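A.B. asks: fold the following for me, if possible:
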Amino acid sequence: MRPAIEVGAPRVLLVETLDAIGADAADARDRTALLRSAGACVVPLAVAGARVVGAGMTESSVVPSGAARGALRDLLSADPFDRILLASATPGGGALASLLPLDRRTFWWPTGLGFEPRGGPLRGWLGRLVGQPRLTSWWAGANPADRPAPDAPDGAGIDELRARRGALPLWDGDVVVVPEGFQGRAGRAVLEAFARLAGDWTTVDVVAWTDAPLQGDRYARRLGIEGRIHHAGAPTRKAEWAWWKHSQALVLTGSHAVSRGLLLRALASGCPVLWVGARGGLSSSIAHLSRLGCVRVVVPEPGAVAMALAQMLARDGEVELQVERARGVSVAGNREALRDSLATWLGTRTVTGARAA
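C.D. replies: Residues are numbered from 1 along each chain as shown. Down below sits the predicted model:
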């Protein structure tokens, strides 16, 4: 049931950019429900991201990136919105920020892990050189100065009932999910690690969410494990939940932008998470969850990755503790806190709660 909106409620244009692995039109619906529960009148627009593996679902409600300029022009000319929110995994909102009014009405809603994938700093510098704006996060205006940025659970509410609901398995056998594929040093380390374990774990396969074989496939053939490496393409949100409920591990490498919601849905479902990458290059969300003991972090070295994966496949006591801690953190009332922060930012009173999809 849609919450009641008071007369005179602030009108908000929500632009949801599907620019990360795990992004889906459902995110726009969830964010719209949260804003309405905080007392806003919301018009949502979902825009498919470009050049991101696994992003941009095929729903009719999603506008292709090439049509975003015209869609935004029509919306902005028809309605003098009080606030504009650009939800994006790209720091500052990315290229779409240049299509929006550059005044204090326009803000960024961070949706990624707080990490710029390979080439991100260079792209950011080039963007500033050519005058591409970087929006300020709405979060900074809704919270005390000692919390200038959201922690990992903030900004992506998880429905605990949905996380505990059963789902049919999508794979015949055990599976490790590597959404980003196998690019770069970390991706190669994951393949080498699995090659060391494949003989002992004969029922386990590795599934990437890439649409077609990319970098790493020739390396898998050299290692003799090409028959155990699969490319499933980007799942729908319903299918994503099923992956987490039946996967032995989620492995992230930082080679692509990944949505904060994807990470939290995996944790809430009881799927152990392994981050493969140098500790000096951790995303803010991964660093936060690692300190809480919810995510395992290893360097991109095959021996270290193989040891961590073996523990997750065996589901030993340390992994069980990690999973239980992660469940609690991922669903610990963050949706209500987020709604209240939005109400503070909007200057409204909270009308009623909203449920995540």
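A.B. asks: for the rest of this, base every contact and every neighbour count on C-alpha atoms.
C.D. replies: Noted.
A.B. asks: geometric centre of this protein: which residue is closest?
C.D. replies: What sits nearest the mean C-alpha location of the chain, by CA atoms, centre = their mean, is S259, with 1.1 Å.
A.B. asks: thought that one was touching A23?
C.D. replies: Yes: using CA atoms under 8 Å, S259 makes contact with A23 at a distance of 6.1 Å.
A.B. asks: what is in contact with those two at once?
C.D. replies: With contacts defined as CA atoms under 8 Å, 6 or more residues apart in numbering, no residue is adjacent to both S259 and A23.
A.B. asks: what's the burial count for G8?
C.D. replies: For G8, the tally of surrounding residues (other CA atoms under 10 Å) stands at 9.
A.B. asks: doesn't C294 belong to a strand?
C.D. replies: No: read with DSSP: H, G, I helix; E, B strand; the rest coil, C294 is coil and lies in no strand.
A.B. asks: what about it, distance to G93?
C.D. replies: Distance, C294 to G93, by CA to CA, to the nearest Å: 28 Å.
A.B. asks: same deal with F107?
C.D. replies: Distance of F107 to G93, given as CA to CA: 8 Å.
A.B. asks: list residues touching both of the two?
C.D. replies: Residues within reach of F107 and of G93 at once, by CA under 8 Å, 6+ apart, are L86, L135.
A.B. asks: low-confidence ranges in the stretch 251-357 of the chain?
C.D. replies: Counting by pLDDT under 70, the stretch 251-357 of the chain contains low-confidence ranges at 279-281, 332-334, 349-357.
A.B. asks: redo that, cut-off 50
C.D. replies: Low-confidence segments of the stretch 251-357 of the chain (pLDDT under 50): 350-357.
A.B. asks: helices of that one, residue ranges please.
C.D. replies: 260-268, 284-291, 302-314, 317-330, 334-346 (DSSP state H, counting those that start in this stretch).
A.B. asks: mean neighbour count, the ones you listed: which tops it?
C.D. replies: helix 260-268 (a mean of 26; mean count of other CA atoms under 10 Å).
A.B. asks: next secondary structure element downstream of the worst-scoring helix or strand of the chain on mean pLDDT?
C.D. replies: When each helix and strand of the chain is scored by mean pLDDT, DSSP states H and E, helix 120-129 comes last, with a mean of 46. Using DSSP states H and E, the helix or strand that follows helix 120-129 in sequence is helix 160-164.
A.B. asks: in the stretch 1-150 of the chain, which spans are strands?
C.D. replies: With DSSP state E, counting those that start in this stretch, the ranges of strands along the stretch 1-150 of the chain come out as 11-18, 41-48, 62-63, 83-88, 106-110.
A.B. asks: mean neighbour count, mean pLDDT and distance to L191 added to those strands, as a markdown table?
C.D. replies: Shown next, in a markdown table, are the strands of the stretch 1-150 of the chain (neighbours: other CA atoms under 10 Å; pLDDT from 0 to 100; distance: least, CA to CA, whole Å):
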| stretch | mean neighbour count | mean pLDDT | distance to L191 |
| --- | --- | --- | --- |
| strand 11-18 | 26 | 95 | 28 |
| strand 41-48 | 22 | 94 | 30 |
| strand 62-63 | 20 | 88 | 34 |
| strand 83-88 | 24 | 94 | 30 |
| strand 106-110 | 25 | 91 | 31 |
